[in-house]
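Chemist: only geometry, no sequence info:
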DNA sequence: CGCCGATTTGAAATTGGTCAAACGGCGTGG
DNA sequence: CCACGCCGTTTGACCAATTTCAAATCGGCG
(Lines give C-alpha, C1' and ligand atoms only; values in the text may rest on other atoms or scores of the structure.)
Protein backbone atom coordinates (compact mmCIF):
# COMPACT_ATOMS: atom_id res chain seq x y z
CA UNK A 1 0.00 0.00 0.00
CA UNK A 2 1.49 3.33 -1.01
CA UNK A 3 -0.81 5.61 0.92
CA UNK A 4 -1.90 6.13 4.49
CA UNK A 5 -5.42 5.42 5.77
CA UNK A 6 -6.03 9.12 6.15
CA UNK A 7 -5.48 9.68 2.46
CA UNK A 8 -8.83 8.00 2.05
CA UNK A 9 -10.46 11.19 3.29
CA UNK A 10 -9.76 12.62 -0.13
CA UNK A 11 -12.51 10.31 -1.27
CA UNK A 12 -15.67 12.35 -1.00
CA UNK A 13 -17.64 9.48 0.46
CA UNK A 14 -15.10 9.07 3.28
CA UNK A 15 -14.67 12.74 4.00
CA UNK A 16 -16.37 12.46 7.39
CA UNK A 17 -15.23 8.98 8.32
CA UNK A 18 -13.66 8.27 11.70
CA UNK A 19 -10.15 6.87 11.86
CA UNK A 20 -11.61 3.61 13.00
CA UNK A 21 -14.00 3.45 10.07
CA UNK A 22 -11.12 4.00 7.68
CA UNK A 23 -9.12 1.21 9.27
CA UNK A 24 -12.06 -1.09 8.99
CA UNK A 25 -12.58 -0.29 5.33
CA UNK A 26 -8.95 -0.97 4.64
CA UNK A 27 -9.08 -4.26 6.46
CA UNK A 28 -11.80 -5.36 4.08
CA UNK A 29 -9.96 -4.21 1.02
CA UNK A 30 -7.15 -5.26 -1.23
CA UNK A 31 -5.06 -3.17 -3.58
CA UNK A 32 -4.85 -3.99 -7.22
CA UNK A 33 -2.36 -2.73 -9.79
CA UNK A 34 -3.13 -2.90 -13.45
CA UNK A 35 -1.24 -1.88 -16.51
CA UNK A 36 -2.33 0.36 -19.29
CA UNK A 37 -4.96 -1.33 -21.39
CA UNK A 38 -5.76 -4.01 -18.82
CA UNK A 39 -9.20 -4.41 -17.35
CA UNK A 40 -10.23 -4.07 -13.74
CA UNK A 41 -13.54 -5.79 -14.39
CA UNK A 42 -15.96 -6.45 -17.22
CA UNK A 43 -19.57 -5.60 -17.83
CA UNK A 44 -21.50 -8.56 -16.46
CA UNK A 45 -19.00 -9.60 -13.77
CA UNK A 46 -20.47 -9.86 -10.28
CA UNK A 47 -19.95 -6.61 -8.39
CA UNK A 48 -17.94 -8.08 -5.56
CA UNK A 49 -15.87 -4.97 -5.02
CA UNK A 50 -16.33 -1.25 -5.05
CA UNK A 51 -13.24 0.70 -6.08
CA UNK A 52 -11.29 3.81 -5.24
CA UNK A 53 -8.63 4.73 -7.75
CA UNK A 54 -5.37 5.49 -5.94
CA UNK A 55 -3.19 6.33 -8.94
CA UNK A 56 -3.41 6.44 -12.71
CA UNK A 57 -6.51 6.74 -14.80
CA UNK A 58 -9.34 4.38 -15.63
CA UNK A 59 -12.20 4.61 -18.09
CA UNK A 60 -15.66 3.16 -17.71
CA UNK A 61 -17.20 1.98 -20.94
CA UNK A 62 -20.04 -0.02 -22.35
CA UNK A 63 -19.85 -2.27 -25.35
CA UNK A 64 -22.78 -3.12 -27.56
CA UNK A 65 -23.34 -6.59 -29.05
CA UNK A 66 -21.47 -5.67 -32.22
CA UNK A 67 -18.45 -4.45 -30.30
CA UNK A 68 -18.76 -0.68 -30.56
CA UNK A 69 -17.65 1.13 -27.44
CA UNK A 70 -19.07 4.10 -25.63
CA UNK A 71 -17.11 5.94 -22.98
CA UNK A 72 -19.23 6.75 -20.01
CA UNK A 73 -16.75 8.24 -17.63
CA UNK A 74 -13.08 8.68 -16.89
CA UNK A 75 -11.96 8.11 -13.33
CA UNK A 76 -9.17 10.07 -11.65
CA UNK A 77 -7.33 9.36 -8.39
CA UNK A 78 -9.42 9.34 -5.23
CA UNK A 79 -12.68 8.90 -7.05
CA UNK A 80 -14.90 6.07 -6.00
CA UNK A 81 -16.57 3.96 -8.67
CA UNK A 82 -18.33 0.67 -9.25
CA UNK A 83 -20.21 1.14 -5.99
CA UNK A 84 -23.28 -0.56 -7.35
CA UNK A 85 -22.53 -3.79 -5.50
CA UNK A 86 -22.66 -2.05 -2.16
CA UNK A 87 -26.23 -0.99 -2.91
CA UNK A 88 -27.56 -3.94 -4.83
CA UNK A 89 -25.48 -6.64 -3.20
CA UNK A 90 -22.26 -8.27 -4.37
CA UNK A 91 -23.98 -10.60 -6.82
CA UNK A 92 -25.37 -7.84 -8.98
CA UNK A 93 -23.60 -7.48 -12.32
CA UNK A 94 -21.41 -4.49 -13.15
CA UNK A 95 -23.18 -2.58 -15.93
CA UNK A 96 -19.87 -1.31 -17.31
CA UNK A 97 -16.32 -2.36 -18.06
CA UNK A 98 -13.34 -0.64 -16.40
CA UNK A 99 -10.14 -0.32 -18.40
CA UNK A 100 -6.90 1.36 -17.35
CA UNK A 101 -5.82 4.26 -19.53
CA UNK A 102 -2.39 4.18 -17.92
CA UNK A 103 -0.70 2.06 -15.28
CA UNK A 104 -2.92 2.39 -12.27
CA UNK A 105 -3.57 1.20 -8.75
CA UNK A 106 -6.91 0.87 -7.06
CA UNK A 107 -8.29 -0.03 -3.71
CA UNK A 108 -10.87 -2.79 -4.01
CA UNK A 109 -13.33 -2.75 -1.12
CA UNK A 110 -15.68 -5.65 -0.50
CA UNK A 111 -19.16 -4.55 -1.58
CA UNK A 112 -20.83 -6.57 1.10
CA UNK A 113 -18.84 -4.94 3.85
CA UNK A 114 -19.64 -1.47 2.59
CA UNK A 115 -23.26 -2.38 2.35
CA UNK A 116 -23.36 -3.44 5.98
CA UNK A 117 -21.37 -0.44 7.05
CA UNK A 118 -23.90 1.85 5.45
CA UNK A 119 -26.64 0.48 7.69
CA UNK A 120 -25.08 2.20 10.64
CA UNK A 121 -23.25 5.15 9.13
CA UNK A 122 -25.59 7.67 7.57
CA UNK A 123 -22.70 9.82 6.38
CA UNK A 124 -21.64 7.00 4.10
CA UNK A 125 -25.00 6.59 2.40
CA UNK A 126 -25.33 10.36 2.18
CA UNK A 127 -21.95 10.66 0.49
CA UNK A 128 -22.72 7.92 -1.95
CA UNK A 129 -26.04 9.49 -2.82
CA UNK A 130 -24.27 12.77 -3.52
CA UNK A 131 -22.02 10.95 -5.94
CA UNK A 132 -24.91 9.23 -7.60
CA UNK A 133 -27.01 12.35 -8.04
CA UNK A 134 -24.16 14.28 -9.60
CA UNK A 135 -23.45 11.42 -11.92
CA UNK A 136 -27.10 11.16 -12.89
CA UNK A 137 -27.12 14.84 -13.71
CA UNK A 138 -24.04 14.54 -15.83
CA UNK A 139 -25.21 11.61 -17.87
CA UNK A 140 -28.66 13.09 -18.32
CA UNK A 141 -27.09 16.18 -19.81
CA UNK A 142 -24.85 14.14 -22.03
CA UNK A 143 -27.86 12.17 -23.17
CA UNK A 144 -29.67 15.34 -24.08
CA UNK A 145 -26.61 16.65 -25.88
CA UNK A 146 -26.27 13.48 -27.88
CA UNK A 147 -29.93 13.61 -28.85
CA UNK A 148 -30.09 17.26 -29.82
CA UNK A 149 -26.68 18.67 -30.64
CA UNK A 150 -24.48 18.26 -33.62
CA UNK A 151 -21.10 16.66 -33.68
CA UNK A 152 -19.03 19.82 -33.43
CA UNK A 153 -20.78 20.89 -30.28
CA UNK A 154 -20.39 17.49 -28.70
CA UNK A 155 -16.70 17.28 -29.50
CA UNK A 156 -16.18 20.74 -28.08
CA UNK A 157 -17.99 19.73 -24.91
CA UNK A 158 -15.93 16.57 -24.60
CA UNK A 159 -12.72 18.58 -24.83
CA UNK A 160 -13.94 21.10 -22.30
CA UNK A 161 -14.93 18.39 -19.88
CA UNK A 162 -11.53 16.78 -20.26
CA UNK A 163 -9.87 20.13 -19.80
CA UNK A 164 -11.45 20.64 -16.43
CA UNK A 165 -10.86 17.07 -15.32
CA UNK A 166 -7.38 16.24 -16.47
CA UNK A 167 -5.91 19.17 -18.33
CA UNK A 168 -2.23 19.95 -17.76
CA UNK A 169 -1.43 23.62 -18.03
CA UNK A 170 1.56 24.32 -20.25
CA UNK A 171 3.04 27.61 -21.44
CA UNK A 172 0.63 28.00 -24.34
CA UNK A 173 -2.65 26.38 -23.44
CA UNK A 174 -3.87 23.21 -21.81
CA UNK A 175 -2.70 19.81 -22.82
CA UNK A 176 -4.75 16.64 -23.06
CA UNK A 177 -3.43 13.16 -23.79
CA UNK A 178 -6.17 11.40 -25.66
CA UNK A 179 -6.34 9.84 -29.08
CA UNK A 180 -8.91 10.83 -31.70
CA UNK A 181 -10.54 7.50 -31.03
CA UNK A 182 -10.90 8.34 -27.32
CA UNK A 183 -12.52 11.65 -28.11
CA UNK A 184 -14.83 9.94 -30.59
CA UNK A 185 -16.00 7.47 -27.98
CA UNK A 186 -16.62 10.29 -25.55
CA UNK A 187 -18.68 12.31 -27.97
CA UNK A 188 -20.56 9.56 -29.72
CA UNK A 189 -19.02 9.87 -33.16
CA UNK A 190 -16.22 8.38 -35.28
CA UNK A 191 -12.52 9.01 -35.21
CA UNK A 192 -12.67 10.32 -38.77
CA UNK A 193 -15.12 13.01 -37.90
CA UNK A 194 -13.11 14.00 -34.84
CA UNK A 195 -10.02 14.28 -36.98
CA UNK A 196 -11.72 16.47 -39.55
CA UNK A 197 -13.42 18.73 -37.05
CA UNK A 198 -10.34 19.28 -34.97
CA UNK A 199 -8.18 19.85 -38.06
CA UNK A 200 -10.48 22.72 -38.91
CA UNK A 201 -10.15 24.07 -35.37
CA UNK A 202 -6.40 23.89 -35.67
CA UNK A 203 -6.61 26.05 -38.81
CA UNK A 204 -8.63 28.55 -36.78
CA UNK A 205 -6.04 28.53 -34.02
CA UNK A 206 -8.29 27.09 -31.35
CA UNK A 207 -6.18 24.00 -30.74
CA UNK A 208 -2.87 22.41 -31.62
CA UNK A 209 -2.77 18.74 -32.47
CA UNK A 210 -0.26 15.97 -32.05
CA UNK A 211 -0.21 12.24 -31.82
CA UNK A 212 -2.47 11.27 -28.94
CA UNK A 213 -2.34 14.82 -27.83
CA UNK A 214 -4.51 17.89 -28.02
CA UNK A 215 -3.50 21.31 -26.81
CA UNK A 216 -6.32 23.71 -26.15
CA UNK A 217 -5.21 27.21 -27.11
CA UNK A 218 -8.49 29.06 -26.91
CA UNK A 219 -10.94 27.46 -24.50
CA UNK A 220 -13.33 30.34 -24.85
CA UNK A 221 -13.68 29.66 -28.54
CA UNK A 222 -14.60 26.07 -27.74
CA UNK A 223 -17.19 27.23 -25.26
CA UNK A 224 -18.83 29.27 -27.98
CA UNK A 225 -18.89 26.25 -30.26
CA UNK A 226 -20.22 24.01 -27.49
CA UNK A 227 -23.09 26.39 -26.94
CA UNK A 228 -23.87 26.52 -30.61
CA UNK A 229 -23.20 30.26 -30.91
CA UNK A 230 -20.51 29.81 -33.49
CA UNK A 231 -21.12 28.59 -37.01
CA UNK B 1 -56.26 12.94 -0.05
CA UNK B 2 -57.59 9.96 -1.92
CA UNK B 3 -55.36 7.26 -0.49
CA UNK B 4 -54.47 5.91 2.91
CA UNK B 5 -51.05 6.25 4.53
CA UNK B 6 -50.42 2.56 4.03
CA UNK B 7 -50.77 2.93 0.29
CA UNK B 8 -47.42 4.64 0.52
CA UNK B 9 -45.85 1.23 1.04
CA UNK B 10 -46.32 0.67 -2.67
CA UNK B 11 -43.53 3.19 -3.06
CA UNK B 12 -40.36 1.12 -3.10
CA UNK B 13 -38.53 3.54 -0.87
CA UNK B 14 -41.21 3.28 1.80
CA UNK B 15 -41.66 -0.46 1.59
CA UNK B 16 -40.15 -1.04 5.04
CA UNK B 17 -41.39 2.14 6.71
CA UNK B 18 -43.15 2.01 10.08
CA UNK B 19 -46.68 3.35 10.38
CA UNK B 20 -45.33 6.23 12.34
CA UNK B 21 -42.77 7.08 9.68
CA UNK B 22 -45.49 7.16 7.06
CA UNK B 23 -47.60 9.48 9.16
CA UNK B 24 -44.67 11.78 9.61
CA UNK B 25 -43.93 11.86 5.92
CA UNK B 26 -47.54 12.72 5.19
CA UNK B 27 -47.55 15.47 7.75
CA UNK B 28 -44.68 17.12 5.88
CA UNK B 29 -46.34 16.74 2.53
CA UNK B 30 -49.01 18.33 0.46
CA UNK B 31 -50.94 16.86 -2.44
CA UNK B 32 -50.96 18.55 -5.79
CA UNK B 33 -53.27 17.94 -8.72
CA UNK B 34 -52.30 19.02 -12.17
CA UNK B 35 -54.02 18.78 -15.48
CA UNK B 36 -52.76 17.26 -18.65
CA UNK B 37 -50.04 19.40 -20.14
CA UNK B 38 -49.40 21.36 -16.96
CA UNK B 39 -46.04 21.40 -15.24
CA UNK B 40 -45.21 20.18 -11.77
CA UNK B 41 -41.89 21.99 -11.79
CA UNK B 42 -39.32 23.31 -14.22
CA UNK B 43 -35.69 22.62 -14.81
CA UNK B 44 -33.84 25.15 -12.65
CA UNK B 45 -36.50 25.52 -9.94
CA UNK B 46 -35.26 24.91 -6.40
CA UNK B 47 -35.84 21.29 -5.41
CA UNK B 48 -38.02 22.05 -2.41
CA UNK B 49 -40.10 18.91 -2.78
CA UNK B 50 -39.61 15.29 -3.70
CA UNK B 51 -42.61 13.67 -5.34
CA UNK B 52 -44.57 10.45 -5.39
CA UNK B 53 -47.08 10.17 -8.20
CA UNK B 54 -50.41 9.01 -6.81
CA UNK B 55 -52.40 8.94 -10.06
CA UNK B 56 -51.97 9.77 -13.70
CA UNK B 57 -48.76 9.94 -15.64
CA UNK B 58 -45.91 12.42 -15.70
CA UNK B 59 -42.92 12.80 -17.97
CA UNK B 60 -39.50 14.11 -17.05
CA UNK B 61 -37.78 16.02 -19.79
CA UNK B 62 -34.89 18.31 -20.49
CA UNK B 63 -34.92 21.23 -22.85
CA UNK B 64 -31.89 22.60 -24.59
CA UNK B 65 -31.27 26.32 -25.13
CA UNK B 66 -32.95 26.24 -28.54
CA UNK B 67 -36.05 24.58 -27.16
CA UNK B 68 -35.73 20.99 -28.32
CA UNK B 69 -36.99 18.48 -25.81
CA UNK B 70 -35.65 15.13 -24.73
CA UNK B 71 -37.73 12.71 -22.73
CA UNK B 72 -35.76 11.17 -19.93
CA UNK B 73 -38.36 9.15 -18.17
CA UNK B 74 -42.08 8.55 -17.75
CA UNK B 75 -43.40 8.23 -14.22
CA UNK B 76 -46.27 5.93 -13.24
CA UNK B 77 -48.28 5.86 -10.01
CA UNK B 78 -46.36 5.10 -6.84
CA UNK B 79 -43.03 5.95 -8.30
CA UNK B 80 -40.90 8.44 -6.46
CA UNK B 81 -39.10 11.12 -8.46
CA UNK B 82 -37.35 14.44 -8.10
CA UNK B 83 -35.65 13.18 -4.96
CA UNK B 84 -32.53 15.15 -5.68
CA UNK B 85 -33.40 17.83 -3.16
CA UNK B 86 -33.45 15.34 -0.33
CA UNK B 87 -29.84 14.48 -1.11
CA UNK B 88 -28.43 17.80 -2.16
CA UNK B 89 -30.61 20.03 -0.06
CA UNK B 90 -33.77 21.93 -0.99
CA UNK B 91 -31.94 24.77 -2.67
CA UNK B 92 -30.41 22.60 -5.36
CA UNK B 93 -31.99 23.09 -8.79
CA UNK B 94 -34.08 20.39 -10.45
CA UNK B 95 -32.13 19.21 -13.49
CA UNK B 96 -35.36 18.32 -15.32
CA UNK B 97 -38.88 19.54 -16.00
CA UNK B 98 -41.92 17.48 -14.99
CA UNK B 99 -45.00 17.67 -17.19
CA UNK B 100 -48.29 15.80 -16.76
CA UNK B 101 -49.21 13.51 -19.64
CA UNK B 102 -52.74 13.21 -18.25
CA UNK B 103 -54.60 14.64 -15.28
CA UNK B 104 -52.53 13.57 -12.31
CA UNK B 105 -52.09 13.88 -8.60
CA UNK B 106 -48.85 13.76 -6.70
CA UNK B 107 -47.69 13.83 -3.14
CA UNK B 108 -45.12 16.56 -2.63
CA UNK B 109 -42.84 15.82 0.31
CA UNK B 110 -40.56 18.45 1.76
CA UNK B 111 -37.01 17.64 0.64
CA UNK B 112 -35.53 18.94 3.81
CA UNK B 113 -37.64 16.71 5.96
CA UNK B 114 -36.74 13.64 3.97
CA UNK B 115 -33.12 14.57 4.14
CA UNK B 116 -33.24 14.72 7.91
CA UNK B 117 -35.26 11.57 8.11
CA UNK B 118 -32.63 9.70 6.16
CA UNK B 119 -30.04 10.49 8.81
CA UNK B 120 -31.75 8.11 11.17
CA UNK B 121 -33.49 5.61 8.87
CA UNK B 122 -31.00 3.53 6.90
CA UNK B 123 -33.81 1.77 5.06
CA UNK B 124 -34.76 5.06 3.47
CA UNK B 125 -31.33 5.84 2.13
CA UNK B 126 -30.95 2.25 1.02
CA UNK B 127 -34.21 2.37 -0.91
CA UNK B 128 -33.32 5.63 -2.54
CA UNK B 129 -29.95 4.29 -3.57
CA UNK B 130 -31.66 1.29 -5.16
CA UNK B 131 -33.77 3.65 -7.18
CA UNK B 132 -30.81 5.70 -8.21
CA UNK B 133 -28.66 2.77 -9.27
CA UNK B 134 -31.40 1.30 -11.41
CA UNK B 135 -32.00 4.64 -13.00
CA UNK B 136 -28.30 5.10 -13.67
CA UNK B 137 -28.21 1.75 -15.37
CA UNK B 138 -31.15 2.58 -17.54
CA UNK B 139 -29.90 5.91 -18.69
CA UNK B 140 -26.42 4.57 -19.31
CA UNK B 141 -27.88 1.95 -21.60
CA UNK B 142 -29.99 4.48 -23.39
CA UNK B 143 -26.95 6.67 -23.81
CA UNK B 144 -25.06 3.80 -25.37
CA UNK B 145 -27.99 3.01 -27.62
CA UNK B 146 -28.26 6.58 -28.78
CA UNK B 147 -24.54 6.66 -29.52
CA UNK B 148 -24.28 3.39 -31.36
CA UNK B 149 -27.61 2.25 -32.73
CA UNK B 150 -29.64 3.40 -35.65
CA UNK B 151 -33.04 4.97 -35.50
CA UNK B 152 -35.06 1.83 -36.17
CA UNK B 153 -33.48 0.01 -33.29
CA UNK B 154 -34.02 2.90 -30.94
CA UNK B 155 -37.65 3.28 -31.86
CA UNK B 156 -38.18 -0.44 -31.39
CA UNK B 157 -36.57 -0.25 -27.97
CA UNK B 158 -38.70 2.71 -26.99
CA UNK B 159 -41.85 0.80 -27.89
CA UNK B 160 -40.70 -2.27 -26.01
CA UNK B 161 -39.91 -0.24 -22.93
CA UNK B 162 -43.31 1.39 -23.07
CA UNK B 163 -44.92 -1.98 -23.55
CA UNK B 164 -43.51 -3.30 -20.33
CA UNK B 165 -44.24 -0.11 -18.42
CA UNK B 166 -47.68 0.92 -19.51
CA UNK B 167 -48.99 -1.45 -22.14
CA UNK B 168 -52.67 -2.42 -21.99
CA UNK B 169 -53.36 -5.92 -23.22
CA UNK B 170 -56.22 -6.07 -25.71
CA UNK B 171 -57.53 -8.96 -27.76
CA UNK B 172 -54.99 -8.55 -30.55
CA UNK B 173 -51.80 -7.19 -29.09
CA UNK B 174 -50.74 -4.55 -26.62
CA UNK B 175 -51.93 -1.01 -26.81
CA UNK B 176 -49.94 2.16 -26.12
CA UNK B 177 -51.30 5.68 -26.01
CA UNK B 178 -48.50 7.89 -27.21
CA UNK B 179 -48.19 10.26 -30.13
CA UNK B 180 -45.49 9.98 -32.77
CA UNK B 181 -43.95 13.05 -31.19
CA UNK B 182 -43.76 11.32 -27.82
CA UNK B 183 -42.03 8.33 -29.32
CA UNK B 184 -39.65 10.61 -31.18
CA UNK B 185 -38.65 12.36 -27.96
CA UNK B 186 -38.09 9.04 -26.29
CA UNK B 187 -35.87 7.71 -29.01
CA UNK B 188 -33.98 10.84 -29.92
CA UNK B 189 -35.35 11.41 -33.40
CA UNK B 190 -38.09 13.35 -35.17
CA UNK B 191 -41.76 12.69 -35.51
CA UNK B 192 -41.39 12.34 -39.27
CA UNK B 193 -38.92 9.54 -38.97
CA UNK B 194 -41.04 7.78 -36.38
CA UNK B 195 -44.04 8.02 -38.68
CA UNK B 196 -42.14 6.58 -41.63
CA UNK B 197 -40.51 3.77 -39.70
CA UNK B 198 -43.69 2.68 -37.99
CA UNK B 199 -45.67 2.90 -41.25
CA UNK B 200 -43.26 0.36 -42.67
CA UNK B 201 -43.75 -1.85 -39.61
CA UNK B 202 -47.48 -1.63 -40.06
CA UNK B 203 -47.05 -2.92 -43.63
CA UNK B 204 -45.11 -5.83 -42.19
CA UNK B 205 -47.84 -6.55 -39.68
CA UNK B 206 -45.73 -5.79 -36.60
CA UNK B 207 -47.95 -2.98 -35.32
CA UNK B 208 -51.25 -1.26 -35.97
CA UNK B 209 -51.41 2.50 -35.87
CA UNK B 210 -54.00 5.04 -34.89
CA UNK B 211 -54.14 8.59 -33.73
CA UNK B 212 -52.05 8.81 -30.54
CA UNK B 213 -52.16 5.09 -30.40
CA UNK B 214 -49.89 2.19 -31.25
CA UNK B 215 -50.89 -1.44 -31.01
CA UNK B 216 -48.05 -3.89 -30.83
CA UNK B 217 -49.04 -7.03 -32.70
CA UNK B 218 -45.73 -8.84 -32.80
CA UNK B 219 -43.44 -7.90 -29.92
CA UNK B 220 -40.97 -10.57 -30.85
CA UNK B 221 -40.47 -8.99 -34.22
CA UNK B 222 -39.67 -5.70 -32.51
CA UNK B 223 -37.18 -7.42 -30.26
CA UNK B 224 -35.35 -8.70 -33.31
CA UNK B 225 -35.23 -5.20 -34.73
CA UNK B 226 -34.11 -3.73 -31.41
CA UNK B 227 -31.22 -6.15 -31.31
CA UNK B 228 -30.22 -5.33 -34.85
CA UNK B 229 -30.84 -8.82 -36.17
CA UNK B 230 -33.47 -7.69 -38.59
CA UNK B 231 -32.70 -5.08 -41.16
C1' DC C 1 16.22 2.59 -41.29
C1' DG C 2 11.99 0.21 -41.17
C1' DC C 3 7.71 -0.74 -39.10
C1' DC C 4 3.41 -0.01 -36.66
C1' DG C 5 -0.17 2.36 -35.06
C1' DA C 6 -2.28 6.90 -35.17
C1' DT C 7 -3.90 10.31 -38.18
C1' DT C 8 -5.37 12.68 -42.24
C1' DT C 9 -7.82 13.20 -46.37
C1' DG C 10 -10.76 12.39 -50.40
C1' DA C 11 -14.75 10.56 -52.51
C1' DA C 12 -18.87 8.17 -52.29
C1' DA C 13 -22.69 6.43 -49.80
C1' DT C 14 -26.27 6.80 -46.45
C1' DT C 15 -28.92 8.09 -42.90
C1' DG C 16 -31.93 10.89 -41.16
C1' DG C 17 -33.61 15.68 -40.93
C1' DT C 18 -36.19 19.59 -42.96
C1' DC C 19 -39.91 21.66 -45.14
C1' DA C 20 -44.17 21.94 -47.38
C1' DA C 21 -48.35 20.11 -48.41
C1' DA C 22 -52.03 17.06 -48.09
C1' DC C 23 -54.72 13.88 -45.36
C1' DG C 24 -57.98 12.10 -41.93
C1' DG C 25 -60.42 11.30 -37.76
C1' DC C 26 -62.91 13.40 -34.24
C1' DG C 27 -65.20 16.61 -31.40
C1' DT C 28 -67.93 20.75 -31.41
C1' DG C 29 -70.90 24.40 -32.53
C1' DG C 30 -74.43 25.82 -35.49
C1' DC D 1 -77.14 15.78 -37.35
C1' DC D 2 -73.78 17.60 -40.28
C1' DA D 3 -70.06 20.64 -41.68
C1' DC D 4 -65.96 22.84 -40.09
C1' DG D 5 -61.73 23.15 -38.20
C1' DC D 6 -58.09 21.38 -35.35
C1' DC D 7 -54.43 18.58 -34.52
C1' DG D 8 -51.92 14.63 -35.20
C1' DT D 9 -50.25 12.15 -39.01
C1' DT D 10 -48.52 10.90 -43.54
C1' DT D 11 -45.80 11.50 -47.52
C1' DG D 12 -42.75 13.35 -51.10
C1' DA D 13 -38.79 15.86 -52.43
C1' DC D 14 -34.78 17.72 -51.26
C1' DC D 15 -30.71 18.35 -48.64
C1' DA D 16 -27.18 18.46 -45.01
C1' DA D 17 -24.55 16.11 -41.78
C1' DT D 18 -22.01 12.36 -40.80
C1' DT D 19 -20.32 7.79 -41.72
C1' DT D 20 -17.87 4.58 -44.44
C1' DC D 21 -14.12 2.94 -46.99
C1' DA D 22 -9.76 3.21 -49.03
C1' DA D 23 -5.47 5.04 -49.35
C1' DA D 24 -1.87 7.99 -48.23
C1' DT D 25 0.86 10.13 -44.63
C1' DC D 26 3.00 10.98 -40.31
C1' DG D 27 5.71 10.23 -36.13
C1' DG D 28 8.17 7.69 -33.04
C1' DC D 29 10.57 3.92 -31.38
C1' DG D 30 13.28 -0.27 -31.56
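Modeler: Right, received. Where do you want to start? All values derive from a computational prediction rather than experimental measurement.

Chemist: flag every buried residue along the biggest helix by length in chain A.
Modeler: Secondary structure of chain A read by DSSP state H shows that its longest helix is helix A:122-148. In terms of neighbour count (16 or more other Cβ atoms under 10 Å in any protein chain shown), helix A:122-148 has its buried residues at A:122-129, A:131-133, A:135-137, A:139-140, A:142-148. (Each C-beta comes from the backbone N, C-alpha and C, glycine too.)

Chemist: so what does that helix touch, helix or strand wise?
Modeler: Here helix A:122-148 touches helix A:111-120, helix A:151-166, strand B:58-63, strand B:69-75, helix B:85-88, helix B:111-120, helix B:122-148, going by 3 or more Cβ pairs under 8 Å, 6 or more residues apart in numbering or on different chains; DSSP states H and E.

Chemist: and that helix, what's its mean pLDDT?
Modeler: The average pLDDT within helix A:122-148 is 95.

Chemist: and stretch A:208-222, by the same measure?
Modeler: Stretch A:208-222 comes out with an average pLDDT of 95.

Chemist: same check on stretch A:158-175?
Modeler: Taken as a whole, stretch A:158-175 has a mean pLDDT of 89.

Chemist: how about it: buried residues?
Modeler: Buried residues in stretch A:158-175 (16+ other Cβ under 10 Å): A:158-163, A:166-167, A:173-175.

Chemist: quick check, that stretch touching DNA strand D?
Modeler: No - remark: stretch A:158-175 sits outside contact range of DNA strand D, by Cβ under 7 Å from any atom of the strand, the gap being at least 12.9 Å.

Chemist: start to end distance for that stretch?
Modeler: End-to-end distance of stretch A:158-175 (Cα to Cα, to the nearest Å): 14 Å.

Chemist: any part of that stretch near chain B?
Modeler: No - using Cβ under 8 Å from any Cβ of the partner chain, stretch A:158-175 never reaches chain B; the gap is at least 12.0 Å.

Chemist: same deal with stretch A:221-231?
Modeler: Yes - shown here: stretch A:221-231 in contact with chain B (Cβ under 8 Å from any Cβ) through A:227-228.

Chemist: buried sites along that stretch?
Modeler: Buried residues in stretch A:221-231, counted by 16+ other Cβ under 10 Å: A:221-222, A:225-226, A:228.

Chemist: what residues does chain A have near DNA strand C?
Modeler: Counting by Cβ under 7 Å from any atom of the strand, chain A sits next to DNA strand C at A:179-181, A:191-192, A:194-196, A:198-199, A:209, A:211-213.

Chemist: out of those, list just those in helices.
Modeler: A:180-181, A:191-192, A:194-196, A:198-199.

Chemist: quick one on the thing from earlier: can you put the buried residues of stretch A:158-175 in CSV and add distance to residue A:16?
Modeler: Output for those, formatted as CSV (distance: Cβ to Cβ, whole Å):
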residue, distance to residue A:16
A:158, 33
A:159, 35
A:160, 31
A:161, 28
A:162, 30
A:163, 30
A:166, 27
A:167, 30
A:173, 38
A:174, 33
A:175, 35
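
Chemist: run through the residues that contact residue A:174.
Modeler: By Cβ atoms under 8 Å, 6 or more residues apart in numbering or on different chains, the residues touching residue A:174 are A:163, A:167-168, A:215-216, A:219.

Chemist: tell me which element it is part of?
Modeler: Using DSSP states H and E, residue A:174 maps to strand A:173-176.

Chemist: which neighbours in the sheet does that strand have, and how are they oriented?
Modeler: According to DSSP bridges, strand A:173-176 forms sheet pairs with strand A:168-170 (antiparallel), strand A:213-216 (antiparallel).

Chemist: how far off centre is stretch A:166-183?
Modeler: 15 Å (Cα atoms, centre = their mean, to the nearest Å).

Chemist: the residue nearest the centre of chain A pairs with what?
Modeler: Centroid check for chain A by Cα atoms, centre = their mean gives residue A:74 as the closest residue, at 1.9 Å. Note on residue A:74: beta-bridge partners by DSSP bridges are residue A:59.

Chemist: can you pull the contacts of it?
Modeler: A:57-60, A:101, A:162, A:165-166.

Chemist: can you do 7 Å?
Modeler: Contact analysis of residue A:74 by Cβ atoms under 7 Å, 6 or more residues apart in numbering or on different chains lists A:57, A:59, A:165.

Chemist: the second one touches residue A:99, doesn't it?
Modeler: The one in question is residue A:59. Yes - in terms of Cβ atoms under 7 Å, residue A:59 counts as a neighbour of residue A:99; the distance is 5.6 Å.
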